[in-house]
Each structure stands twice: as C-alpha cells, then as structure tokens.
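Trainee: here is a sequence together with a model predicted from it:
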Amino acid sequence: MTPLGARTRLWIAATALVVATAAPSAPVAAQPAQTEVTFPNGNLQIHGFIWKPDGAGPFPALLWNHGSEKLPGWLPGLGPAFVRQGYVFFVPHRRGQGRSPGPYIQDQLQQARPDERSRLLVQLHELQLTDQLAALAYLKGQPFVDAGRLAVAGCSYGGIQTVLAAEGGHGYRAAVDFAGAAQSWQGSPDLQARMLRAVRGAAIPVFFIQAENDYDLTPSRALAAEMQRAGKPHQVKFYPPFGSGRQDGHDFCVKGVEVWGPDVFPHLAATLR
C-alpha cells in the first residue's frame with residue numbers, strides 16, 4: 001500500500017472538518033420535568049410526581065395509579081407521552097409505596113394467614129383508594145388543571161384502583177384499566193366480587209386493555225361483560241403479545257405506549273371533550 005502524502009492527509013482532515021461542521025447532530029428534544037409534590041390524607045403525607053405542559057393551562061389531566069411495586073418510580077416513558085398530548089400527568093404514591101409512608105401492601109398480605117388474604121386484599125385496596133381520592137382532590141385544586149376534564153388510568157394493582165374509582169366517578173370523566181387484577185383475580189374471590197360490583201355501578205366509561213400474553217385475561221373479559229349486562233359504556237381491547245413472556249405482557253401498560261397510544265389518546269380526547 002502506498003503511504004499517504006502530506007497533501008493528501010491535509011485534504012482528508014479538512015474534508016472531515018467541513019462535513020462535521022456542515023452536518024451537526026440533531027439536538028435532543030428536552031423532556032418535560034417532573035415535580036415532586038406532597039399532600040395530606042389524614043395523618044399521612046402522601047407523595048407523588050406531576051408532569052405538565054408548558055404554559056398556564058388549564059389543561060386536562062390524567063391521574064395514573066401505579067401497580068404493586070414498592071418503588072413505582074417516575075414512569076419517565078409515560079409522563080412525557082401524556083404531556084405531548086396536552087395532559088397534566090400525575091402519579092401519586094399510595095401508602096407504603098414509592099416515597100409515601102406506611103406499611104407495604106405486599107408485606108401485609110404475606111404476613112396474613114392464607115385464608116385471610118382474599119378479604120384483606122380488598123380491605124387494603126379500599127384503604128388505598130382514600131390515598132387516590134386525596135390525590136385527586138389535590139389535583140383538582142391546581143390552577144393549571146381543568147377540573148372538568150379529568151381521567152384516571154392504572155396498571156395491575158393500579159387497574160384495580162381505577163375500577164374502584166370508576167364506581168363513584170368522583171369527578172373523573174373517563175377510566176382506562178390496564179390489566180387490573182391480572183395477577184390476583186384467580187386467588188381472591190372477594191376481589192372478584194368487589195370489582196364486579198364496582199363496574200355495575202360505574203359512573204364513567206371504562207376502557208379495558210391487556211396484551212394477549214399477560215398473566216390472565218379473565219378480569220378484563222369478566223368486567224367488560226358485566227358492564228355490557230348493566231348497560232354501562234365501555235370498551236375492551238386485547239393487543240397482540242408484547243415482548244417475550246408474561247411479565248413483558250403485563251408491562252405492556254407502561255412500555256407499550258406507542259402501541260396503545262393511538263387508541264387511548266383519541267378515546268380520552270373524545271370522552272373529555
């Protein structure tokens with residue numbers, strides 16, 4: 001191979017410099033920042049995170065009920081996705097989870113006698129519902145929130161919370177249940193009865209969503225059928241398998257926004273109009 005001459009080396013270096021200068025990498029769009037907030041529920045100070053669009057608003061808002069994980073985190077994929085659609089996105093941390101004080105719900109269930117767990121699961125969810133409603137009251141009081149355009153959604157345990165909230169409406173106008181009770185339906189007859197009662201009395205439309213490879217599709221099917229019998233407005237959709245296993249299918253709620261977003265966002269826009 002012939003060695004490169006000095007002129008050739010200089011020409012190559014100059015060309016590379018021109019190309020680099022003429023074609024800079026595209027700037028990365030700034031992500032909306034999340035803000036930690038606190039609010040009371042009785043003697044507890046409940047924590048949560050809010051994302052909001054730029055500007056004064058008021059904006060429509062969605063309260064997201066997290067699952068059973070002890071540290072629900074900030075859901076960085078969901079917050080910006082809802083903000084891009086013009087929503088305030090609020091994730092309150094129910095007692096004993098995330099940054100909120102109190103006993104962890106899964107520890108309480110594990111410490112109970114097996115024959116008590118079905119009933120206890122419902123009792124604990126009723127208690128956590130008060131955390132959700134305290135969060136909703138806080139959300140309604142924010143000047144940048146349009147209190148007439150509020151929706152609720154949640155995944156897994158958060159889907160249970162979403163269904164319970166739909167029963168009374170509480171100022172919400174739409175609900176999206178992602179895989180509520182997919183891991184607890186079969187083991188808790190008390191929970192089945194409570195959720196069926198909730199959808200019979202639902203005051204708002206409910207959209208049931210699951211990936212086909214989730215743990216159990218029975219809850220969405222049974223709850224949608226109960227709403228059908230009761231003449232309540234609802235939708236149900238099962239999406240193709242997401243990822244490679246049941247946990248991936250269960251995580252569809254927080255990782256599959258690009259798949260379910262084209263259905264959920266128009267549904268919310270039409271319902272909250």
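Mentor: On my side now, so go ahead.
Trainee: surely residue 37 is in contact with residue 51?
Mentor: No. With contact defined as CB atoms under 8 Å, residue 37 does not reach residue 51; the gap is 11.3 Å. Placement of C-beta: from N, CA and C, glycine included.
Trainee: neighbour count: these two, which is higher?
Mentor: residue 51 (23 against 16; other CB atoms under 10 Å).
Trainee: let me see the contact set for that one.
Mentor: For residue 51, the contact set (CB atoms under 8 Å, 6 or more residues apart in numbering) comprises 32-35, 79-80, 82-83, 88-90.
Trainee: not counting sequence-adjacent ones, nearest residue to it?
Mentor: Distances taken as CB to CB, 6 or more residues apart in numbering place residue 79 nearest to residue 51, at 3.8 Å, with adjacent residues excluded.
Trainee: tell me which element the one you found is part of?
Mentor: According to DSSP states H and E, residue 79 maps onto helix 78-84.
Trainee: tell me the average confidence for that helix?
Mentor: Averaging pLDDT along helix 78-84 yields 95.
Trainee: quickly run through the sheet partners of the very next helix or strand once past that helix, with directions.
Mentor: Following helix 78-84 in sequence order, the next helix or strand is strand 88-93 (DSSP H and E). Strand pairing for strand 88-93, using DSSP bridges, gives strand 44-51 (antiparallel), strand 59-65 (parallel).
Trainee: of all those, which one is nearest residue 113?
Mentor: strand 44-51 (26.4 Å; CB to CB).
Trainee: only C-alpha atoms, please: export the closest one in PDB.
Mentor: Listed next in PDB are the C-alpha coordinates belonging to strand 44-51 (Å, rounded to 0.1, in the frame of the first residue of the first chain):
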ATOM      1  CA  LEU A  44     -50.200  10.700  56.300                       C
ATOM      2  CA  GLN A  45     -48.300  12.900  53.900                       C
ATOM      3  CA  ILE A  46     -48.700  11.300  50.500                       C
ATOM      4  CA  HIS A  47     -46.100  12.000  47.800                       C
ATOM      5  CA  GLY A  48     -46.300  12.000  44.100                       C
ATOM      6  CA  PHE A  49     -44.900  13.300  40.800                       C
ATOM      7  CA  ILE A  50     -46.500  15.700  38.400                       C
ATOM      8  CA  TRP A  51     -45.600  16.500  34.800                       C
END
